[in-house]
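1. Here is the input, now give the coordinates:
(2 chains)
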Number of protein chains: 2
Amino acid sequence: MSYSGVGSSPGNVAVSHGGKMKLIDRRLKLTELLLRCSATALALLALILIVTNTQVKQIFTIEKRAKYTDMKALVFLVVANGIAAAYSLLQSVRCVVGSVKGSVLFNKSLAWAIFLSDQAVAYMSVAAIAASAESGLIGIRGEDELQWMKVCNMFGKFCNRAAGGTASAVLASVAMVFVSSISAFSLFRLYGGATATQRQPNVAVTK
Amino acid sequence: MSYSGVGSSPGNVAVSHGGKMKLIDRRLKLTELLLRCSATALALLALILIVTNTQVKQIFTIEKRAKYTDMKALVFLVVANGIAAAYSLLQSVRCVVGSVKGSVLFNKSLAWAIFLSDQAVAYMSVAAIAASAESGLIGIRGEDELQWMKVCNMFGKFCNRAAGGTASAVLASVAMVFVSSISAFSLFRLYGGATATQRQPNVAVTK
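-> All right, here's what the predicted structure looks like:
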């Protein structure tokens, strides 16, 4: 069974393997940066689309204005996307600084902090989207048994734009879910040297 | 910088480190088994609490029966918890078989499959809970602006039991989120041996 695709010639294979790992590291860092930048842009777009969304409708003599604060799930989505955008921006800056310095993440405490934050932000984003999607579905189809009427037949433009905002939030959360897997990789591979050692007791990893 | 807490005496430290890793492996396997069993039981409890939940109310001359199918989010929660319970049960059996055989997960394909499945089930559970919580909040507080009336003042017993089911689902999803981190650890540490090799070019990991 191979841990790392290393073959049977011990002399120079480790060196070539080091080069391969450096290449993987570079690609991974670039992918992480692209995903974090995409998450920032998409979460910000979702936030803007939802916050600026409004529609006025004349119902008989009453003027009714639809806005995102009418639906608590959309308020949650705005807050969640605000946090996600700010967090992803900060992490993008960290990635750029790391790339400029050429450093690779070997600090376990920092790797743990990034892993836990990424997980929290990804789950929060998914939860906010699910809550908004649920409210949106009630708005589109209604819940007849509970007499919650559909509202999207009256406020079609508002609903369409809210759906656009939610779609942007979905793409942002997909990026964040992938990023959280990358940060899990960056953290847990730091614990992997031991496994190799365990398999071959006469090989030691030094400080 | 240390990869694995290994000291500077290469001779026997690797062996003692191997023992430490075996201990960590045992504890991790036990934790994983306990979490997967808890997730199975809690998801099943949530499913039963919600599916068997019903309340009949006489409103003037009309008899009104509340059931979980009245709220689409609860149907999603039932389906999600059914999938989560079945999946967690299967994974618990795999953990027990693995423990009996004394094997440690070194197969990358299997580790990837478990990691991806765990991630999917955890995110699905969180999404189902968020959708149900959103519907529940509308049921409790109403959405005045959209004229979605609160219904929990009429069907208090039904709402309380649905809240109990959702709480059980929340605990199950917490267990699944932790389990998905353990499977991420089990997968990505398999990529760590390479990092150690990279740091010390004359150390090779054999097949």
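
2. So, low pLDDT: which residues of chain A?
-> A:1-18, A:103-106, A:193-207 (pLDDT under 70).

3. residue boundaries of the helices in it?
-> A:10-51, A:72-101, A:108-141, A:156-188, A:193-199 (DSSP state H).

4. which of those sits most buried?
-> helix A:193-199 (a mean of 24; mean count of other CB atoms under 10 Å in any protein chain shown). Bear in mind the C-beta positions are built from the backbone N, C-alpha and C, glycine included.

5. Spell out for me which residue occupies the centre of chain A.
-> Note on chain A: the residue nearest the mean C-alpha position is A:Met176, at 1.2 Å, using CA atoms, centre = their mean.

6. Report the separation between that residue and A:Ile129.
-> 11 Å (CB to CB, to the nearest Å).

7. Over to A:Ser135?
-> A:Ser135 is 11 Å from A:Ile129, by CB to CB.

8. before we move on, what about A:Gln91?
-> 20 Å.

9. What of A:Val174?
-> For A:Val174, the distance to A:Ile129 equals 10 Å [CB to CB].

10. phi, psi of the residue located most distally from the centre of chain A?
-> Most distant from the centre of chain A: A:Thr61, at 45.3 Å, with distances by CA atoms, centre = their mean. Main-chain dihedrals, A:Thr61, degrees, to the nearest 10: phi -100, psi 0.

11. The residue of chain A found nearest chain B and B:Lys20: what is the separation?
-> Minimum separation of chain A from chain B (CB to the nearest CB) falls at A:Gly192, amounting to 1.3 Å. A:Gly192 is 14 Å from B:Lys20, where distance means CB to CB.

12. before we move on, what about A:Ala46?
-> Counting by CB to CB - A:Ala46 and B:Lys20 are separated by 46 Å.

13. May I see the buried residues of stretch A:139-153?
-> A:Gly139, A:Gly142, A:Glu143, A:Leu146, A:Trp148, A:Met149, A:Lys150, A:Val151, A:Cys152 (16 or more other CB atoms under 10 Å in any protein chain shown).

14. Just the endpoints, please. Distance across it?
-> End-to-end distance for stretch A:139-153: 9 Å, by CA to CA, to the nearest Å.

15. Tell me which residues are up against that stretch.
-> Stretch A:139-153 is contacted from outside by A:66, A:71, A:138, A:158-159, B:70-72, B:135, B:138-139, B:143, B:146-149, B:151, using CB atoms under 8 Å, 6 or more residues apart in numbering or on different chains.

16. dump the residue contacts of the nearest residue to A:Ala127 once chain neighbours are set aside.
-> Distance criterion CB to CB, 6 or more residues apart in numbering or on different chains; nearest residue to A:Ala127, sequence neighbours excluded, is B:Ala130 at 3.8 Å. B:Ala130 makes contact with A:Val126, A:Ala127, A:Ala128, A:Ile129, A:Ala130, A:Ala131, A:Glu134 under the criterion CB under 8 Å, 6+ apart.

17. So is stretch A:31-51 next to chain B?
-> No: Stretch A:31-51 lies out of reach of chain B by CB under 8 Å from any CB of the partner chain, never closer than 14.3 Å.

18. any idea how far that stretch is from the chain center?
-> 9 Å (CA atoms, centre = their mean, to the nearest Å).

19. just the CA coordinates of that stretch, formatted as PDB?
-> Extracted in PDB, the C-alpha atoms of stretch A:31-51 (Å, rounded to 0.1, in the frame of the first residue of the first chain):
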ATOM      1  CA  THR A  31      -7.200  27.100  -5.900                       C
ATOM      2  CA  GLU A  32      -7.800  28.200  -2.300                       C
ATOM      3  CA  LEU A  33      -7.100  31.800  -3.300                       C
ATOM      4  CA  LEU A  34      -9.500  31.600  -6.300                       C
ATOM      5  CA  LEU A  35     -12.200  30.000  -4.200                       C
ATOM      6  CA  ARG A  36     -11.900  32.500  -1.400                       C
ATOM      7  CA  CYS A  37     -12.000  35.400  -3.800                       C
ATOM      8  CA  SER A  38     -15.000  33.900  -5.600                       C
ATOM      9  CA  ALA A  39     -16.800  33.400  -2.200                       C
ATOM     10  CA  THR A  40     -16.100  37.000  -1.300                       C
ATOM     11  CA  ALA A  41     -17.500  38.400  -4.500                       C
ATOM     12  CA  LEU A  42     -20.500  36.000  -4.600                       C
ATOM     13  CA  ALA A  43     -21.500  36.600  -1.000                       C
ATOM     14  CA  LEU A  44     -21.200  40.300  -1.500                       C
ATOM     15  CA  LEU A  45     -23.300  40.100  -4.700                       C
ATOM     16  CA  ALA A  46     -26.000  38.100  -2.800                       C
ATOM     17  CA  LEU A  47     -26.000  40.700   0.000                       C
ATOM     18  CA  ILE A  48     -26.400  43.600  -2.400                       C
ATOM     19  CA  LEU A  49     -29.100  41.900  -4.500                       C
ATOM     20  CA  ILE A  50     -31.200  41.200  -1.400                       C
ATOM     21  CA  VAL A  51     -30.700  44.400   0.500                       C
END
